[in-house]
Each structure stands twice: as C-alpha cells, then as structure tokens.
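J.: Got a predicted model here, sequence first, then my questions.
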Amino acid sequence: MIKQMNKKAGFTDIFLFMIFSVIIVFVLGIMIFIVSNVNDKLHNTMDGMDIGGNKNTTEIINESIGVVNSSYQAFYWIAILLIGGMIVAIFIGSYLVTTKPIFLIPYIFVVIIAIIVSVGIANACEQVFADPTLESTFSNFLGAKWLLLNLPIIISIVGVVGGIIMFALSGSRQEESYYGY
C-alpha cells in the first residue's frame with residue numbers, strides 16, 4: 001500500500017511541466033542541430049583527405065561524430081516520452097496530494113493563470129520552430145512540437161484532470177488516514 005507523504009506540490013506541477021517541456025525540446029533540438037552541423041562541416045572540409053595509415057578522414061568522421069549524429073536522432077522520441085512521463089507524474093502527484101476541498105478555488109485560478117502563460121509560451125515556440133536556421137531540426141520533433149504548439153489545450157486538459165483526481169478523491173483518502181488504514 002502507498003503511504004501518504006503529505007505532498008503539497010500539486011499546485012505548481014503545471015508550471016513545472018511547461019518549463020521543463022520547453023527546456024527539454026530546446027536543449028535536445030540544439031544538441032541535434034550542433035552535432036549535425038559539425039558532422040556536415042567536417043565532411044565538407046575534410047572528406048577524402050589521406051592522413052596516412054589504413055583510414056582516410058571520411059571513415060574517421062563517420063566512425064566518430066557520424067555515430068553520435070545518428071544516435072542523437074533518438075532525441076526526437078525521447079522528448080515526447082519525457083513530456084508524456086511528466087503528464088503521468090502530474091496525475092500520480094495529484095492522486096498523492098492530501099488537500100482540503102476549500103483549495104479548489106485557488107487551484108482553478110492557478111490553472112487559469114497557467115493557461116494564460118502557456119499561450120505566450122506556445123507563440124514563442126512557434127516563432128522558434130519557424131526560424132529558417134532551426135526549422136529542419138525542429139520539424140522532426142513531431143509529437144513534442146505538436147504538444148508545445150498546442151500547450152494551452154494540453155495545460156487545460158492536464159489541469160482539469162489533475163484537479164479532478166486531486167479533489168474528487170481527497171475526502172475518501174482523508175477518512176482512511178484518520179482511521180489508520
């Protein structure tokens with residue numbers, strides 16, 4: 001049985017979700033952008049050079065930075081899995097929060113403020129994704145890009161469902177804790 005731990009962070013989880021979602025997508029996108037550009041520049045400047053020995057520079061580039069570049073392609077799926085995991089963590093955290101029903105009104109205000117903030121974040125993300133320099137990199141972030149561009153809708157759904165989980169079950173959990181079950 002899960003022991004209740006007097007967790008009080010259910011109100012700020014939505015803001016942390018927004019912040020970390022943007023950070024995850026941008027950091028992973030920048031890493032992919034840098035490595036693919038380094039790989040391309042190395043191939044453009046050093047392809048076919050003979051440095052002595054059994055290998056030329058093309059083989060060395062493909063075996064070093066080329067492997068890193070191909071492994072970084074997994075970041076496209078890792079980003080959506082991390083964001084989906086944060087959504088599941090919000091729902092689990094909402095279940096574990098012990099709160100009084102009186103806090104429903106402040107929670108509604110927090111969700112409304114989060115939706116308003118998420119509109120600005122979604123618009124900023126749209127501008128970054130449309131930048132010609134980064135467009136090719138971010139175009140492959142299919143799921144994560146869709147989530148960030150539809151962030152106000154996602155925040156609304158996560159906030160409402162998290163609130164339902166948090167407040168609908170709070171009375172039954174409090175009765176259990178009074179009787180020691």
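T.: Perfect, thanks for sending it.

J.: Apart from its chain neighbours, what residue comes closest to the spatially most central residue of the chain?
T.: The centre of the chain sits closest to residue 21, judged by CA atoms, centre = their mean, with a distance of 2.9 Å. Leaving aside its chain neighbours, residue 21 sits nearest to residue 83 (5.1 Å; criterion: CB to CB, 6 or more residues apart in numbering). Quick note: C-beta positions are derived from backbone N, CA and C, even for glycine.

J.: In this structure, where is pLDDT below threshold?
T.: 1-10, 52-53, 170-181 (pLDDT under 70).

J.: Regarding the protein, what is its longest helix?
T.: Secondary structure assigned by DSSP state H gives helix 13-46 as the longest helix of the chain.

J.: Now do it: which elements does it pack against?
T.: helix 57-63, helix 65-71, helix 75-96, helix 104-130, helix 135-138, helix 142-149, helix 151-168 (3 or more CB pairs under 8 Å, 6 or more residues apart in numbering; DSSP states H and E).

J.: among those, which is nearest residue 30?
T.: Of all the helices and strands packed on helix 13-46, helix 135-138 sits nearest to residue 30, with 8.1 Å by CB to CB.

J.: which parts of that closest one are buried?
T.: Buried residues in helix 135-138, counted by 16 or more other CB atoms under 10 Å: 137, 138.

J.: quick revisit: in JSON lines: the helices and strands packed on helix 13-46, plus distance to residue 17.
T.: Listed next are these as JSON lines, based on distance: least, CB to CB, whole Å:
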{"stretch": "helix 57-63", "distance to residue 17": "39"}
{"stretch": "helix 65-71", "distance to residue 17": "27"}
{"stretch": "helix 75-96", "distance to residue 17": "5"}
{"stretch": "helix 104-130", "distance to residue 17": "9"}
{"stretch": "helix 135-138", "distance to residue 17": "20"}
{"stretch": "helix 142-149", "distance to residue 17": "10"}
{"stretch": "helix 151-168", "distance to residue 17": "7"}
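
J.: what's the burial count for the residue nearest to residue 77 when sequence neighbours are not counted?
T.: Nearest residue to residue 77, sequence neighbours excluded (CB to CB, 6+ apart): residue 143, at 7.9 Å. Using other CB atoms under 10 Å, residue 143 has 14 other residues around it.

J.: residue contacts, residue 143?
T.: Going by CB atoms under 8 Å, 6 or more residues apart in numbering, residue 143 touches 77, 79, 80, 83.

J.: Identify whichever of the helices and strands packed on helix 13-46 lies nearest to residue 33.
T.: Nearest to residue 33 among the helices and strands packed on helix 13-46 is helix 135-138 (4.5 Å), distances taken as CB to CB.
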